[in-house]
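**Student:** What shape does this take:
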Amino acid sequence: MDIYGLIGNPVEHSLSPPMHEAAYDARGIDARYVTFEPTKDTLETAINGANALDIAGINVTIPFKQDVLNHIIPDDIAREVGAVNTIKFHDGETPRGYNTDVAGVKRAFQHHNISIDGYDAVVVGAGGAGRAAAFALADAGAHVHIANRTVERAETIATDIGGQATAGGLDTRDEISDADILLNATSVGMDPDSDQTPVPQSYLHDGLVVLDAVYTPIETRLLREATAAGATTIDGAWMLLYQGVVAFEIWTEQDAPIQQMNAALRAELEDA
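**Tutor:** Now for the predicted structure:
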């Protein structure tokens, strides 16, 4: 039996286990997906232990996506983004690291037949998700503006991307009014009781494509207001699905059973 898993802290509410185990069942792979919660001080021990125990692969989530770079060999995308969320082990050799969040963003748009090349995009948020989103959109040919409360963090991402990116504070969210794509990479909207949105409704418009990285709740206030404005909307579960799809394909070298993985993920979200 192959063992795959997720390291992070906390991980008890992760939706990855049912999604990946649905994939193993669909492909007839004898495998399990489990979760691990090392501390920051024991991260290196956890990686070395997984390697020694012949674990096939692990996903990495908050707060370890950057720290894990010290213990693996990253591919070009992970090195450029500065974060790893997928590790593959190779017979005791130094493990390889990948960033499938970038591919998850691209494939979420592709699934909905949304073109990115040549369009103007605004990313709200400059954390790990915002960085991956900005790199993904720029790599797909968009001009990207990153708007963030702390301007310096947004400027760092824009500088790392190069000429295709600009940055500013939250007051520059008004660029959404003329943009083709909006991606919320903040956690605003995650609390259904507060029902907040990261973007003033007046900036939303017909012709805009809005992807909200928040997936609990599956329909955020941002998505509701975007729909009312005539925009095309994509919920955050599609990003979560496709980063898992790419991880599965890296680990197993098989095509992922996307329909089964999506069904398992959506079922878990309905019960959440």
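**Student:** Could you use CA atoms for every contact and neighbour count after this?
**Tutor:** Fine.
**Student:** which residues of the stretch 1-150 of the chain fall in strands?
**Tutor:** Counting by DSSP state E, counting those that start in this stretch, residue ranges of the strands within the stretch 1-150 of the chain are 2-7, 31-36, 57-60, 73-74, 86-88, 96-98, 120-124, 143-147.
**Student:** Kindly reformat those strands as a markdown table containing mean neighbour count and mean pLDDT.
**Tutor:** Putting the strands of the stretch 1-150 of the chain into a markdown table (neighbours: other C-alpha atoms under 10 Å; pLDDT from 0 to 100) gives the following:
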| stretch | mean neighbour count | mean pLDDT |
| --- | --- | --- |
| strand 2-7 | 20 | 96 |
| strand 31-36 | 17 | 97 |
| strand 57-60 | 26 | 97 |
| strand 73-74 | 20 | 96 |
| strand 86-88 | 26 | 98 |
| strand 96-98 | 24 | 97 |
| strand 120-124 | 27 | 98 |
| strand 143-147 | 27 | 98 |
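**Student:** any chance of the ones you listed in JSON lines, with distance to N51 too?
**Tutor:** Converted to JSON lines, these look like this (distance: least, C-alpha to C-alpha, whole Å):
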{"stretch": "strand 2-7", "distance to N51": "11"}
{"stretch": "strand 31-36", "distance to N51": "14"}
{"stretch": "strand 57-60", "distance to N51": "9"}
{"stretch": "strand 73-74", "distance to N51": "13"}
{"stretch": "strand 86-88", "distance to N51": "9"}
{"stretch": "strand 96-98", "distance to N51": "11"}
{"stretch": "strand 120-124", "distance to N51": "36"}
{"stretch": "strand 143-147", "distance to N51": "37"}
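**Student:** Figure out which of those strands is closest to A229.
**Tutor:** strand 120-124 (17.1 Å; C-alpha to C-alpha).
**Student:** what residues does the closest one touch?
**Tutor:** Residues from elsewhere that reach strand 120-124 (C-alpha atoms under 8 Å, 6 or more residues apart in numbering): 130, 133-134, 137, 142-148, 170, 173, 175-176, 179-186, 198.
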